[in-house]
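Enquirer: Build me a model from this:
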Amino acid sequence: MSGFRRLFVMVAAMAAPALCAAAKPDIENGKATFNTMCSVCHSTQKTGGPIEGPNLIGVVGRKAGSQPEFPRYSQALKASGLTWSKKALNKFLVNPGEKVPGTFMPMQIPDDKTRADVVAYLATLK
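Expert: Residues are numbered from 1 along each chain as shown. Next up is the predicted model:
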């Protein structure tokens with residue numbers, strides 16, 4: 001192996017853990033972002049909380065527009081056929097109105113890292 005190749009492999013091996021750690025979602029940051037941006041409309045409590053949007057406890061794995069305690073879903077969301085997986089939430093939160101035209105959800109989280117953090121937090125809500 002050439003000296004350059006050996007140096008490249010050593011640098012890549014040393015950098016890999018830092019790169020992997022940077023890509024891991026930060027649940028606490030996701031919670032803080034949720035509390036700042038999302039909790040105005042959505043609750044994560046068993047009872048009470050805002051009523052503008054559905055409660056998000058157990059959202060991952062739930063069919064969109066299906067929470068019986070929340071009667072104010074848009075027809076577009078109910079008809080979307082989405083199930084809230086992490087991947088679906090991630091795509092939706094980039095631009096909800098583009099993903100589901102006619103949804104009432106106005107908030108966007110365009111930043112990839114911030115959105116990944118929020119989705120990771122939502123996945124912890126059981």
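
Enquirer: wouldn't Val119 be in contact with Ile27 here?
Expert: No - in this structure, Val119 is not within contact of Ile27 by C-beta atoms under 8 Å, at 9.9 Å. The C-beta positions use only the backbone N, C-alpha and C, and glycine is treated the same way.

Enquirer: So these two - more neighbours on which side?
Expert: Relative neighbour count places Val119 above the other of Val119 and Ile27, with 25 against 16, counting by other C-beta atoms under 10 Å.

Enquirer: what sits against that one?
Expert: Contact analysis of Val119 by C-beta atoms under 8 Å, 6 or more residues apart in numbering lists Pro25, Gly30, Lys86, Leu89, Asn90, Leu93.

Enquirer: wait, is Asn35 part of a helix?
Expert: Yes - assigned with DSSP: H, G, I helix; E, B strand; the rest coil, Asn35 falls within a helix.

Enquirer: tally of neighbours for it?
Expert: 12.

Enquirer: okay, and for the chain, where does confidence drop off?
Expert: When residues are selected by pLDDT under 70, those of the chain lie in 1-22.

Enquirer: any idea how far the most centrally placed residue in it is from Lys91?
Expert: Among the residues of the chain, the one closest to the centroid is Val119, at 2.4 Å (C-alpha atoms, centre = their mean). The gap separating Val119 from Lys91 is 10 Å, by C-beta to C-beta, to the nearest Å.

Enquirer: How many residues are close by Val100?
Expert: 21.
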